[in-house]
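Participant: how does the following fold in three dimensions:
(2 chains)
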2 protein chains.
Amino acid sequence: MITRRFLSLSLALSISAFSCVAVQAAEFTASNIATAKSLAAKAFKSDLAYELDESLSTEVGPRRVGTPGDQAGIDWAVAKMEALGFDKVWTEKVVTPGWERGEIAISISAPYPQRLVAIALGRSVSTPKGGIEAQVVHFKNLDQLKKEPAGSLKGKIAYIGYQMQAGIDGDDYGVAGKQRHMGSEVAASKGALAVVIRSVGTDHDRIGHTGGQSGNPTIPAAALSMPDADLLENMFKRGKPVIMKVDISAHNTADVETQNVIGEITGTEKPKDFVVLGSHLDSWDVGTGAIDDGMGVTITMAAAKHIIDSGHKPKRSIRVILFAAEEIGLYGVKQYYQRHKADIGKHIIGAEWDSGTRMIYQLRPGVGKESMPAIKQMAAVLQPYGVALHDSNTAKGQSDLSVLGNAGMPAINFDSDLTDYFDYHHTENDTMANVPPETMRQASAVYTAFAWLTANSLIDFRK
Amino acid sequence: MITRRFLSLSLALSISAFSCVAVQAAEFTASNIATAKSLAAKAFKSDLAYELDESLSTEVGPRRVGTPGDQAGIDWAVAKMEALGFDKVWTEKVVTPGWERGEIAISISAPYPQRLVAIALGRSVSTPKGGIEAQVVHFKNLDQLKKEPAGSLKGKIAYIGYQMQAGIDGDDYGVAGKQRHMGSEVAASKGALAVVIRSVGTDHDRIGHTGGQSGNPTIPAAALSMPDADLLENMFKRGKPVIMKVDISAHNTADVETQNVIGEITGTEKPKDFVVLGSHLDSWDVGTGAIDDGMGVTITMAAAKHIIDSGHKPKRSIRVILFAAEEIGLYGVKQYYQRHKADIGKHIIGAEWDSGTRMIYQLRPGVGKESMPAIKQMAAVLQPYGVALHDSNTAKGQSDLSVLGNAGMPAINFDSDLTDYFDYHHTENDTMANVPPETMRQASAVYTAFAWLTANSLIDFRK
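Facilitator: As a prediction, the model looks like this:
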């Protein structure tokens, strides 16, 4: 009996000891959670993120890579991080292709002469001096254009009319974005002189949406505002040939230099391990970049500041990275990865904000299975802020951080309600007027809790 | 008894006969009302007004006085009225001052260099070649600017930051409009080099609102979009001198010719007496003029067409007048009045549509006291369409028609809900995307009923 009891007991103890180790590795301590709750509550009452975004928008404004605004943004970020009390602040050089927007004029010359409101797409080439004037051929979407025989658009302008649909998850951006990314490449392969698309957006404003293109665009490319796309389609409906003038002076230039800006709170136990808060500092040159990604820049800076101000020191470091040159193809994070790939294992976990103006409604993890209990604890901390845990575990991080996520860094995606985000995305309307203070407060609370919980533990989120 | 009874009876009869005459003069017949109800019901189901507005917006677009679009609009209107079956269609020459918008570039050069989005106000003069660069002085409103000592703004730019408030009755346009109408005159009297105002509007879009100015502006005048006004005011808050560059090439030109376009349904009994449906055909050059006043043009044309199509002929004529050059100071109606003032007595009653995108919610009459019973009958016909009778009798007609109203023509003002009208007013967003089909149907029903009831009676609304 004794033997048997002893064996049972020792088995029980060893199971218990094993469980205990596993539990210790994959759960946050009660004290960690208590501090996270307190930090989140404080952040939720603070307008710091909003005030930082107002500062960035007012004192810097648009920050397209290679422009004086881009450099002003870098200078602003370094000075602000130092003033906020980060332990270390530094920049890392990034080199990207250069591009100038120039001027654009698009109009219909027949059957009904009218000026149209349009914007050049990123890395559009110019039209010949004086512009081009040609018949426009209407395609409902990129797939229809793809089916066009090669060479059949010789001497013509291709128009792609795909209308993005709004949704809380912004899913249709996947489809709509392709029309913009690949429109010029596909149209060029059919012989078109230029491509004009319906803006990738969900608004009804007479403002075009710019954005990046894949590959190396060889023909001029522009996006019409939604009412102008309607106007053009109404002309097509009348069955007469539609003749368009397109005059674009956008052009590629020599490479330009920019910088990733990095600020760190140094950890007490594992200073070389760090949690990443990501965003991008560059913006398009329309709007002031208050939303995309001024919100991400200032939500993550504010999260760090709430931790700094608390007097608590995390065990691991917290690294706030403001990536450069996201809009033209993730150049900043790609060069960051090249520079730091030997240390990718030290990137414990990351979360980025690079979409949304409305509240965060869910958390999607991308971590090792053993870490799920901790993620559930994190979700419980965030639940009072309206954040639900999504039933999946495949997240790789938003935009920039997806590069590190795909290289093995665990990530959390905090999804905000995107219903009206694509009303403003890549437009003149990317301004403080469309940044809701309540979102800034909620998102600050979420990123503060995330950063504290993960940095103040020694959980290996890869497991 | 008999005598007394006879006397009583004859008194009763004579009172009754008197009442009867009064009642006949000031009430619509049952048959008239029945036809009005039937016409309104048909109009309410018809998208004709919307389709006409789509046609005007697509085939013509912006119609600023003196531009090719203005002439195209006149040609469109004449052709369309003839096609719709008006009995008579003609134009009347109007001469107005000429003005060219030219180009505009406004930016802040210190303390925080940023481009601002702005639009020149109507009849703004140009800056000297190369623009001006000067310190900006912030005034909360025109009243504060008025208190500034004469000459104190020498070498400076005046900024007026009044923010219009939205409301169903659009009342604040009265106050806000003054900042625009009188800003340059008052600023010039203080010695300012130029005046820049916060746009007169209620939106948050990065789009400026243009509009007319009173008097003869002698200094350049422009309106910032709302987010740009916010940006400028955020810079003022930082307490450093704000230096602005203003480069405007707008300028006055020689007089230009345009035309009022008039279409008439000829009355059967009193063809020289007519009911007026008013609107203006000109628009600003931003947007397509689909709302201001494409809606009025096409609602009133559709109302006439519904009557034409019914086969019923009104006793009096119905005159649909599309006035020219309203936006720059009611030139079209003023010259119409000069030409027709001897016949002002034949203008029986009028109603214009020149504001709103949402539904009509009330009817405000401006008629003789004896006509009120008829107006109450009209209100009863319109009540099922959500139109209430306002407890007043002082209306003079909207915009153009106010000139005829002030000259003695009775009028009805149909007030539409203006809550978001000033989001689009005088901007690029004056497009079909913001024209609700349901408003077009309701307003067509209202103007059809109004035109039929008043034209198919012989009531003298002056009494």
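
Participant: make it CA atoms for all contacts and neighbour counts henceforth
Facilitator: OK.

Participant: residues touching the residue sitting nearest the centre point of chain A, list them.
Facilitator: Of all residues in chain A, the one closest to the mean position by Cα atoms, centre = their mean is residue A:354, 2.9 Å from it. Applying Cα atoms under 8 Å, 6 or more residues apart in numbering or on different chains to residue A:354 gives the contacts A:279-280, A:292-293, A:295-296, A:398-399.

Participant: quick check: which ranges of the stretch 201-350 of chain A have low pLDDT?
Facilitator: Filtered on pLDDT under 70, the stretch 201-350 of chain A yields no residues whatsoever.

Participant: residues of it that sit close to chain B?
Facilitator: A:204-206, A:227, A:231, A:234-235, A:287 (Cα under 8 Å from any Cα of the partner chain).

Participant: which residues of the stretch 51-200 of chain A fall in strands?
Facilitator: Using DSSP state E, counting those that start in this stretch, the strands of the stretch 51-200 of chain A run over residues A:88-100, A:104-110, A:114-116, A:118-120, A:132-139, A:157-160, A:194-198.

Participant: tell me which of the residues of the stretch 201-350 of chain A next to chain B fall in strands.
Facilitator: Of those, none are assigned to strands by DSSP state E.

Participant: CSV please, covering those and showing neighbour count.
Facilitator: Output for those, formatted as CSV (neighbours: other Cα atoms under 10 Å in any protein chain shown):
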residue, neighbour count
A:204, 17
A:205, 25
A:206, 25
A:227, 28
A:231, 24
A:234, 16
A:235, 20
A:287, 28
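
Participant: just these: which are in helices?
Facilitator: A:227, A:231, A:234-235 (DSSP state H).

Participant: of the strands of the stretch 51-200 of chain A, which approaches chain B most closely?
Facilitator: Nearest of the strands of the stretch 51-200 of chain A to chain B, taken as Cα to the nearest Cα: strand A:114-116 at 6.7 Å.

Participant: average pLDDT for the closest one?
Facilitator: Averaged across strand A:114-116, the pLDDT comes to 97.

Participant: and if you look at stretch A:443-457?
Facilitator: 98.

Participant: what's in contact with it?
Facilitator: A:28-29, A:32-33, A:36-37, A:39-44, A:49, A:267, A:274-277, A:299-300, A:302-304, A:306-307, A:313-318, A:349, A:351, A:359-360, A:378, A:381-382, A:385.

Participant: redo the strands of the stretch 51-200 of chain A as TSV? Include distance to residue B:82.
Facilitator: Shown next, in TSV, are the strands of the stretch 51-200 of chain A (distance: least, Cα to Cα, whole Å):
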stretch	distance to residue B:82
strand A:88-100	51
strand A:104-110	24
strand A:114-116	24
strand A:118-120	36
strand A:132-139	32
strand A:157-160	35
strand A:194-198	36
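
Participant: which other helices and strands contact the longest strand anywhere in chain A?
Facilitator: The longest strand of chain A (DSSP E) is strand A:251-265. On a contact count with 3 or more Cα pairs under 8 Å, 6 or more residues apart in numbering or on different chains; DSSP states H and E, strand A:251-265 meets helix A:68-84, strand A:88-100, strand A:316-323, helix A:331-340.

Participant: tell me the helix or strand right after the last one.
Facilitator: Pointing back at helix A:331-340 there. Per DSSP states H and E, the first helix or strand lying C-terminal to helix A:331-340 is strand A:347-352.

Participant: what's the closest of the strands of the stretch 51-200 of chain A to residue B:239?
Facilitator: Comparing the strands of the stretch 51-200 of chain A against residue B:239 with Cα to Cα, the closest turns out to be strand A:88-100 (28.7 Å).

Participant: and stretch A:132-142, how far from the chain's centre?
Facilitator: 31 Å (Cα atoms, centre = their mean, to the nearest Å).

Participant: try stretch A:232-249
Facilitator: Worked out by Cα atoms, centre = their mean, stretch A:232-249 lies 34 Å from the chain centre.

Participant: got a list of what residue A:207 touches?
Facilitator: Here residue A:207 is in contact with A:117-118, A:224-226, A:427-428 (Cα under 8 Å, 6+ apart).

Participant: same thing with residue A:185?
Facilitator: A:214-219.

Participant: so which of those residues would you say is closest to residue A:127?
Facilitator: residue A:219 (7.8 Å).

Participant: now the closest one: how far from chain B?
Facilitator: 28 Å (Cα to the nearest Cα, to the nearest Å).

Participant: what's the local residue count around that residue?
Facilitator: If you count neighbours by other Cα atoms under 10 Å in any protein chain shown, residue A:219 ends up with 20.

Participant: which residue, other than its chain neighbours, is closest to it?
Facilitator: residue A:194 (5.2 Å; Cα to Cα, 6 or more residues apart in numbering or on different chains).

Participant: now do residue A:390
Facilitator: residue A:364 (5.3 Å).

Participant: any idea how chain A splits into domains?
Facilitator: A:27-95+A:255-455, A:103-252 (automatic domain parsing).

Participant: want to throw the ones you listed into CSV with distance to residue B:141?
Facilitator: Below are those laid out as CSV (distance: least, Cα to Cα, whole Å):
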stretch, distance to residue B:141
domain A:27-95+A:255-455, 21
domain A:103-252, 28
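
Participant: quick one, which of those is nearest to residue B:416?
Facilitator: Closest approach to residue B:416 among those (Cα to Cα): domain A:103-252, 21.8 Å.

Participant: do a quick rundown of the strands in the stretch 301-450 of chain A.
Facilitator: Using DSSP E, counting those that start in this stretch, strands in the stretch 301-450 of chain A cover A:316-323, A:347-352, A:360-366, A:388-389, A:411-416.

Participant: next, format those strands as TSV and append mean neighbour count and distance to residue A:84.
Facilitator: Formatted as TSV, these follow (neighbours: other Cα atoms under 10 Å in any protein chain shown; distance: least, Cα to Cα, whole Å):
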stretch	mean neighbour count	distance to residue A:84
strand A:316-323	29	12
strand A:347-352	27	20
strand A:360-366	22	25
strand A:388-389	18	31
strand A:411-416	26	24
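
Participant: and those as CSV, adding distance to residue A:181?
Facilitator: CSV is the format used below for those (distance: least, Cα to Cα, whole Å):
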stretch, distance to residue A:181
strand A:316-323, 21
strand A:347-352, 23
strand A:360-366, 27
strand A:388-389, 32
strand A:411-416, 23
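
Participant: in contact with the nearest residue to residue A:175 once chain neighbours are set aside, which residues?
Facilitator: Excluding the flanking residues, the one nearest residue A:175 by Cα to Cα, 6+ apart is residue A:164, at 7.9 Å. Listed by Cα under 8 Å, 6+ apart, the contact partners of residue A:164 are A:172-173, A:175-176, A:200-202.

Participant: among those residues, who's most crowded?
Facilitator: For the contacts of residue A:164, neighbours tallied by other Cα under 10 Å; top is residue A:200, 31 neighbours.

Participant: contacts only, for it.
Facilitator: So residue A:200 contacts A:163-164, A:173, A:176-177, A:180, A:209, A:223, A:422 (Cα under 8 Å, 6+ apart).
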